[in-house]
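**Q** Dropping the sequence and predicted coords here.
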Amino acid sequence: MSQKISGVKGMNDLLPPTSAVWQYVEKKARQMFDSFGYLEIRTPVLEDTALFVRSVGEETDIVGKEMYTFQDKAGRSLSLRPEGTAPAVRAYIEHAVHNLEPLTRWFYLGPMFRYERMKTGRYRQFFQAGAEAYGAKEPAQDVELMDMAMQFFRAIELPGVSLEINSLGDDACRPAYLSALNAYFSGHSAQLCDDCRARLQRNPLRILDCKNPQCQQLAKGAPAMLDLLCPACRAHFDEVKAKLDALEIPYRVNPRIVRGLDYYTRTACGAGQQESGQGSDPLRGDRRPRLASGGDETDQRASPRGLRGGLRHPGWKPEEPDEEGGQERGAVCRRARGRRGLEGQGAAQTDAGRRAAIGGARRAELAAEEFGLIRMLRCSRF
């Protein structure tokens, strides 16, 4: 009897009509990136393992437990990419893009791979859309990425998404915070899980990310980075909030948004989804100035501001449109039910013209007014 061959566990086939829904979401993502002047980058799904060890962190669960890593025939250690930021930074440095243009805006969209525990909304092959900006240190760049993400969620009518922000400080103020964090958790070390007792010696920031309920309860009483920001970081964070307010983007300051590696600085953000039942939040964003520079935070090319959103659930589909709108989404739903036709071609052509006009105007504004981002953001709102 021949053996039945099935797909790899946690890696799903996307068949019609589900694939039509994914095409709809990807189209909306590309339209949004284009309207903000971001250009697509495509990197290999395989990279040198050392790239992720450095960028993600050797002690993280991603590198230590979740990466698909193997040796090729030449004995080199290669890994399927678990996220998209590190490959983009590698390409930016390898091709010396900083010598070609002072400000670079890229986006990527494609499959990522992690050997994760199987639970709702988490798969071992998942799809991630991300945007990276290099060369801009201004708070306006942080706000632009957050605005773009929230507009995208509205465009696909993803319900209940709320933006949360925090500041991670920098080399001037973070050492004092780490000392305060170490002192706090050292006084409660007996209540920490085994992993967090080890983290206390190596990197106490990662305790704030622990999923153990008892450690989470302890973390609620831990010192907050916001209370120890230096004047420069405080001014940067205040300007981020002021620009979000000017654009009327709702947000909540969440001092528990942290990153466990020292090259993350200042603004970090995330977006939760109420009653999603999913295994992960749809948005994660942060600044990593030393990731692209090998440790030099003064390097102008070393200002990557990144934002990633994961598309993890193959069963998600948009709601049916109401009578007041949603014609394009309605066309997708009808095609997904098998009603093939040409009824949407005229609307698609109109949309393509509108997108080209918006994209061209956006790029012209970027070239003409580098520091006028707050006005450009207003022009881009749909």
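**A** All right, it came through fine. Numbering: from 1, shown residues only.

**Q** From what I see, residue 44 and residue 88 are in contact.
**A** No: because the distance of 11.7 Å does not satisfy Cβ atoms under 8 Å, residue 44 is recorded as not touching residue 88. All C-beta spots, glycine's among them, are computed from the backbone N, C-alpha and C.

**Q** what about the two, which has more around it?
**A** For the pair residue 44 and residue 88, the greater number of neighbours falls to residue 88 (24 against 11), based on other Cβ atoms under 10 Å.

**Q** Can you tell me how far the more buried one is from residue 227?
**A** Residue 88 sits at a distance of 33 Å from residue 227 (criterion: Cβ to Cβ, to the nearest Å).

**Q** what does residue 194 give?
**A** Using Cβ to Cβ, one gets 29 Å for the distance from residue 194 to residue 227.

**Q** Remind me which helix or strand residue 272 belongs to.
**A** strand 265-273 (DSSP states H and E).

**Q** now for that strand, which elements pack on it?
**A** Strand 265-273 is packed against helix 139-155, strand 161-167, helix 231-246, strand 283-287, with contacts defined by 3 or more Cβ pairs under 8 Å, 6 or more residues apart in numbering; DSSP states H and E.

**Q** Parallel or antiparallel, list what pairs with the shortest one.
**A** Strand 283-287 pairs in its sheet with strand 265-273 (antiparallel), strand 305-311 (antiparallel), by DSSP bridges.

**Q** Lowest average pLDDT across these?
**A** Set side by side, the strands paired with strand 283-287 give their lowest mean pLDDT on strand 305-311, at a mean of 61.

**Q** Over to the closest residue in space to residue 255 that isn't next to it in sequence: give its phi and psi.
**A** With Cβ to Cβ, 6 or more residues apart in numbering as the measure, residue 224 is the residue that lies nearest to residue 255, at 3.9 Å, once sequence neighbours are left out. Listed backbone geometry of residue 224 is phi -110, psi 140, with angles given as degrees, to the nearest 10.

**Q** tally of neighbours for residue 224?
**A** Residues near residue 224, counting by other Cβ under 10 Å, number 17.

**Q** Show me the shaky parts of this structure.
**A** Filtered on pLDDT under 70, the chain yields the residue ranges 1, 56-62, 64, 119-121, 260-263, 274-280, 290-382.

**Q** Name the residues of stretch 196-216 that are buried.
**A** Using 16 or more other Cβ atoms under 10 Å as the burial criterion, the residues of stretch 196-216 that qualify are 196, 199-200, 203-210, 215.

**Q** could you dump those to TSV with distance to residue 243 and secondary structure?
**A** Shown next, in TSV, are these (distance: Cβ to Cβ, whole Å; DSSP: H, G, I helix; E, B strand; the rest coil):
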residue	distance to residue 243	secondary structure
196	36	helix
199	34	helix
200	37	helix
203	31	coil
204	31	helix
205	27	helix
206	30	helix
207	32	helix
208	26	helix
209	28	helix
210	32	coil
215	34	helix
